[in-house]
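Trainee: Provide a 3D model corresponding to the input given below.
(chains A and B)
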Amino acid sequence: MTLYDSDSQEWLDDRIEAYLDGSLPTQDLARFKALAAGNDEVQQALDVARLISASLRSLPDEPCPDFVSRNVMSHVRHDLRKSAWQRVESFFMGIRITYLKPVFAVAALVLIVVSSTQIGGQVGVESAQSEAEVSQALSDVKWTLAYLSGVGKNTGTTVKANVIEDQMVGPMSRSINVLSEN
Amino acid sequence: MIATSKHMNKSMQWRIAAFTAILIGMAAMPALGRQNVRNDQGYVDLDRVGDWSSFLDRDPKIDVSVEGALMKLVAEASRVEDPELADLLHNLKGVYVRGYDTPSQDYERSRRHANEVGRDLADQGWSSVIRVRNEDEHFQMFAKYRGEAVIGMVVLSVDKASRETTFLNIVGNIDPAQIGRVGQKFNIGNVPNWN
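Mentor: Take a look at the predicted model:
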């Protein structure tokens, strides 16, 4: 809409308000000034508007009552939370199903590849690990624990089980006891 | 995809990219969980540290790697038979053992190599807990601490009598007293399938 698109009163009021607020686009500013200079009615309307604006600005500021501020702020916070959720919702809802098909296909492919190559420790194990393998692993772990607890008795002549007790288990237990007492 | 992308605006492309990233992230999460054990400070890659297989020019005769979900299954498998063992295993993230035949002629150089490996571990922040070095045996035990807690343990043993080199690592929240107590229940000779 340009300055000469319409001469309606509403159009004129909008231009006068924008002129006084300083928000009239540069290209319209010169034209509006020219219009006001050459048209008494427009000039008169502009003067009245300027007077009203100046009068309003000269009124003393009234502090906003606390309960109003609190009420407004609670609504603002509520709206912010709501709009944040709406943004998330619209983010996903805005994705068209047509576009999602290849995305789901890629994700499914990635899932299959990752599962088959790496998840062995998770999904794969639970489905693919046989009872025998778990039993074997349990035996291995038991052996390891037996080795650790009996280290020295079975591996050599110098290190005895009580060395571990004296040098490692004992001090650690004492430290834990001291910590738990504190 | 190529045909439709011509009609997609940038916002839509971003949305799809983010959605795809979320899906891929969700898909990769279990794998990351498994990787975490090997990123743990208490973990030692027994196949790389010291590279015993290359050093002795033979494959390990003992090769144990129990970790991640398998460790949880093992813990649950022992729940009925031995609840204390199950509790201990639930606190462990991984158990790794490599055992090598070490003939007499390889003993001396293996012992020297074990010394170097021990020094490397110490450089990496492992605390030497027990160290025994004599003519017939090289034995070292290391622990990795986080605060007061033991989060990793390494045993490196080169034994002349049994002609074996054993390299062992356990990862997790380790209670040495509990390991000693639980481990005493098992007799190495009575636990099958080791060799």
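Trainee: all helices for chain A, in order.
Mentor: A:9-21, A:26-38, A:40-58, A:66-93, A:97-117, A:123-128, A:131-149, A:161-164, A:170-181 (DSSP state H).
Trainee: dump those into TSV; add mean pLDDT and mean neighbour count as well.
Mentor: The way it works is simple: take the backbone N, C-alpha and C, and place the C-beta from them, glycine included. Shown next, in TSV, are the helices of chain A (pLDDT from 0 to 100; neighbours: other CB atoms under 10 Å in any protein chain shown):
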stretch	mean pLDDT	mean neighbour count
helix A:9-21	85	15
helix A:26-38	87	13
helix A:40-58	88	12
helix A:66-93	79	10
helix A:97-117	71	14
helix A:123-128	49	14
helix A:131-149	84	20
helix A:161-164	48	18
helix A:170-181	69	11
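Trainee: any chance of the ones you listed in TSV, with distance to residue B:40 too?
Mentor: Putting the helices of chain A into TSV (distance: least, CB to CB, whole Å) gives the following:
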stretch	distance to residue B:40
helix A:9-21	64
helix A:26-38	65
helix A:40-58	68
helix A:66-93	35
helix A:97-117	21
helix A:123-128	18
helix A:131-149	17
helix A:161-164	23
helix A:170-181	20
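Trainee: mind checking which of the ones you listed is nearest chain B?
Mentor: Checking the helices of chain A against chain B by CB to the nearest CB gives helix A:131-149 as the closest, at 2.8 Å.
Trainee: who are the packing partners of that closest one?
Mentor: strand B:62-67, helix B:68-77, helix B:83-90, strand B:92-101, strand B:149-159, strand B:164-174, helix B:176-183 (3 or more CB pairs under 8 Å, 6 or more residues apart in numbering or on different chains; DSSP states H and E).
Trainee: wait, isn't residue A:37 in contact with residue A:43?
Mentor: Yes - counting by CB atoms under 8 Å, residue A:37 does reach residue A:43; the two are 7.1 Å apart.
Trainee: quick revisit: redo the helices and strands packed on helix A:131-149 as CSV? Include mean pLDDT.
Mentor: Conversion of the helices and strands packed on helix A:131-149 to CSV gives the following (pLDDT from 0 to 100):
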stretch, mean pLDDT
strand B:62-67, 91
helix B:68-77, 88
helix B:83-90, 89
strand B:92-101, 92
strand B:149-159, 91
strand B:164-174, 92
helix B:176-183, 80
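Trainee: can you say which of those is nearest to residue B:121?
Mentor: strand B:149-159 (6.3 Å; CB to CB).
Trainee: so in that sheet, which strands flank the closest one, and in what orientation?
Mentor: strand B:137-146 (antiparallel), strand B:164-174 (antiparallel) (DSSP bridges).
Trainee: check those for me and report the most buried one.
Mentor: strand B:164-174 (a mean of 23; mean count of other CB atoms under 10 Å in any protein chain shown).
Trainee: next one: that one to chain centre, how far?
Mentor: Offset of strand B:164-174 from its chain centre (CA atoms, centre = their mean, to the nearest Å): 6 Å.
Trainee: any idea of the angle it forms with helix B:176-183?
Mentor: Put simply, strand B:164-174 runs at 120 degrees to helix B:176-183, going by axes from the mean of the first three to the mean of the last three CA atoms, to 10 degrees.
Trainee: can I get the CA coordinates of strand B:164-174 in CSV?
Mentor: What follows is strand B:164-174, C-alpha atoms only, in CSV (Å, rounded to 0.1, in the frame of the first residue of the first chain):
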residue,chain,number,x,y,z
GLU,B,164,52.5,-69.3,32.2
THR,B,165,52.1,-65.6,31.7
THR,B,166,48.7,-64.2,32.9
PHE,B,167,47.4,-60.7,32.2
LEU,B,168,44.1,-59.9,33.8
ASN,B,169,41.9,-56.8,34.1
ILE,B,170,38.7,-56.3,35.9
VAL,B,171,36.7,-53.1,35.6
GLY,B,172,33.9,-51.7,37.7
ASN,B,173,33.2,-50.8,41.3
ILE,B,174,35.6,-53.2,42.9
